[in-house]
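Participant: Here you go, sequence then predicted model.
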Amino acid sequence: TQVTTVATAPIAGQKPGTSGLRKKTPVFMGRHYLENFVQAIFDVVGSAGKTFVLGGDGRYFNDRAAQVILRMAAANGAARVIVGQGAILSTPAASHLIRLNKTDGGIIMSASHNPGGPEEDFGVKFNMPNGGPAPEGVTEAMYQRTTTITEYKVLEAQDVDLAAIGRHQLGGMIVDVVDPVADYATLMESLFDFPALRSMFANGFRMRMDSMCAVTGPYAVEILENQLGAAKGTCVNATPLPDFGGMHPDPNPTWAKALMDEMFSDAAPDFGAASDGDGDRNMVVGREVYVSPSDSLAVLAANAHLAPGYAKGLKGVARSMPTSAAADRVADALGIGKYETPTGWKFFGNLLDAGMATICGEESFGTGSDHVREKDGLWAILLWLNILAVRKQSVAEILKDHWATYGRNYYSRHDFEAIEVAKADAMFAALRGSLATLPGRVVEGMTITAADDLAYTDPVDGSVSQKQGVRVMFGDGSRIVYRLSGTGTEGATLRVYLERYAAGPSGLDLDAQEALAPVIRAAHDLAGIAAHTGRTAPDVVT
Ligand code: VG1
Ligand code: CO
């Protein structure tokens, strides 16, 4: 085994977005593309004598990329890499392994909820020793490094047998191949009342878990079917496939349509759930009732104490800015801290590390807690199950009860995909330019009270992140937020987040799109969406 230093040159565009570097798979497979970025990671975080975790969501190129990363880690002097068997690790399981083994961080190969395959998407991101996504300062340094890179190091060696659990040697580096599920399952058992869940399933509780042919399949089968006794076949699409079986592994009503159809049919089980490509997202559905992610966060925060891991109560609740304020109402009622961060899990890390927040969530089907430093799909599903087991009510009853107590934040997100970048930029430039003139204006009978582009100052380290989303606030508590996606690989995706509060007791069970109709019209009007982009209707509604 010999270390080769390969001459290379900067490749444009290696700038990590909301969650790591994501590109079309052929781009990632291009000459030096993966290598340049991985070398930039090692150059920034340091590699000599260090231990890292490595795994991915099993998408196309995951296996080969893992071998390249291992050879580069060895060549760069790393002491040890802990790899999930078959180079598989869900994102939350990777976060847990980083923390459990007190490693120096980890590399996760995933483009998460983006489709996978030879012509679809691939991605790489670095997580810090706390288990969480690298903060902006670090990803920016990696990007800067990619713009000046002249060489990378790689070991000349054969592939490591990643199918074989146990210790392997790669040059001077140890490669420990571990069961991707075992430690994660133990962590879940430490947080939730597994005996209570076992009796619930034994007493006939039925659920459907749709892993969308992505990474959570083996985790869900082991935990739900093998350990908790859910009926065989509860988990569907449970074998991770390189192209996710052609599915778009984004757990929302549009892409998890089969699950939605089943949950709204006569044969609906008591509870339905789905997760995304890398296992950090979740969608939960009751019988004939869809739970919006913002409501899910609020319900979980209000009921978390019913699970053993949270019996002492929560320190605080954090949500991303576009997420509805439903969780804030719970935090106020509990008398605990509430925090609003920019979009992306990396912003929760400091709050969790500092013990300021226990539960965090995003409107994009992400919820998690301080048990790891990523959002965690199965964790959210298990917490819901624990709550259902204790309260012995249906999802619909729990939601109704929640709204009766706190009022309801009607909420929806409208996505306009694959817009020409120049048009999207022009729309935002005009919108930003109009912000100062908006307060006082009346649209759809609602008075605008404030309008800005979120600038976030991290309460722990004081770092500032600018331009994190345009928000327009109304006197009646309604709100519109506009953002451009930072995870897409084609054109621009406009996300419009819509919210309206109903205090109750009447008017709590309207259809969300109907309740939001004036806010939706105002959103189109204020930003001139049709004029700028030619779009009059969204591609995906969640
Ligand atoms: C989206 C979501 C954001 C989430 C991110 C990563 O980002 O809006 O809330 O944290 O995806 O999720 P954007 O920039 O496209 O809006 V995952 O499950 O793809 O890692
Ligand atoms: Co994900």
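Facilitator: Perfect, thanks for sending it. Ligands and ions are numbered 1, 2, ... in the order given.
Participant: Can you tell me which residues in the protein are near ligand 1?
Facilitator: The chain has residues 18-19, 112-113, 276, 280-281, 320, 343-345, 362, 364, 366, 485-487, 495 near ligand 1, with proximity defined as C-beta under 6 Å from any ligand atom. For every residue, glycine as well, the C-beta is placed using N, CA and C.
Participant: And the residue of the stretch 1-150 of the chain that's closest to ligand 1?
Facilitator: Nearest residue of the stretch 1-150 of the chain to ligand 1 (C-beta to the nearest ligand atom) works out as residue 112 at 2.9 Å.
Participant: Show me just the buried residues among the residues of the chain next to ligand 1.
Facilitator: The neighbour count (16 or more other C-beta atoms under 10 Å) marks 18-19, 112-113, 276, 280-281, 320, 343-345, 362, 364, 366, 485, 487, 495 as buried among the residues of the chain next to ligand 1.
Participant: could you pick out which of the residues you listed are near ligand 2?
Facilitator: The residues of these that also fall near ligand 2, by C-beta under 5 Å from the ion, are 112, 276, 280-281.
Participant: and residue 283, that one's in a strand?
Facilitator: Yes - Residue 283 forms part of a strand when assessed by DSSP: H, G, I helix; E, B strand; the rest coil.
Participant: Contact partners for it?
Facilitator: Going by C-beta atoms under 8 Å, 6 or more residues apart in numbering, residue 283 touches 251-253, 256, 259, 273-275, 291, 293, 365.
Participant: Return the subset of those residues lying in strands.
Facilitator: Under the assignment DSSP state E, the contacts of residue 283 contribute 273-275 to strands.
Participant: Make TSV out of those residues and add pLDDT and distance to residue 99.
Facilitator: Output for the ones in strands among the contacts of residue 283, formatted as TSV (pLDDT from 0 to 100; distance: C-beta to C-beta, whole Å):
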residue	pLDDT	distance to residue 99
273	98	25
274	98	26
275	97	21
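Participant: Top of those residues by number of neighbours, please.
Facilitator: Within the ones in strands among the contacts of residue 283, most neighbours by other C-beta atoms under 10 Å means residue 275, with 33 neighbours.
Participant: How much space separates that one from residue 57?
Facilitator: Distance of residue 275 to residue 57, computed by C-beta to C-beta, to the nearest Å: 10 Å.
Participant: With residue 486 instead?
Facilitator: 19 Å.
Participant: before we move on, back to that, which residues are in contact with both of residue 275 and residue 57?
Facilitator: Common neighbours of residue 275 and residue 57 (C-beta under 8 Å, 6+ apart) are residue 214.
Participant: my guess is residue 3 contacts residue 73, does it?
Facilitator: No - applying C-beta atoms under 8 Å as the test, residue 3 and residue 73 come out as separate, 11.6 Å apart.
Participant: If you count surrounding residues, which of those two has more?
Facilitator: The neighbour count for residue 3 versus residue 73, taken as other C-beta under 10 Å, is higher for residue 73 (29 against 17).
Participant: just checking, what packs against the host helix or strand of that one?
Facilitator: Residue 73 belongs to helix 62-75 when assigned by DSSP states H and E. Using 3 or more C-beta pairs under 8 Å, 6 or more residues apart in numbering; DSSP states H and E as the contact test, the elements touching helix 62-75 are helix 33-45, strand 51-56, strand 80-88, strand 106-109, strand 151-156, strand 166-170, strand 173-178.
Participant: Take these and write them to JSON lines, including mean neighbour count.
Facilitator: Below are these laid out as JSON lines (neighbours: other C-beta atoms under 10 Å):
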{"stretch": "helix 33-45", "mean neighbour count": "23"}
{"stretch": "strand 51-56", "mean neighbour count": "27"}
{"stretch": "strand 80-88", "mean neighbour count": "23"}
{"stretch": "strand 106-109", "mean neighbour count": "28"}
{"stretch": "strand 151-156", "mean neighbour count": "18"}
{"stretch": "strand 166-170", "mean neighbour count": "14"}
{"stretch": "strand 173-178", "mean neighbour count": "20"}
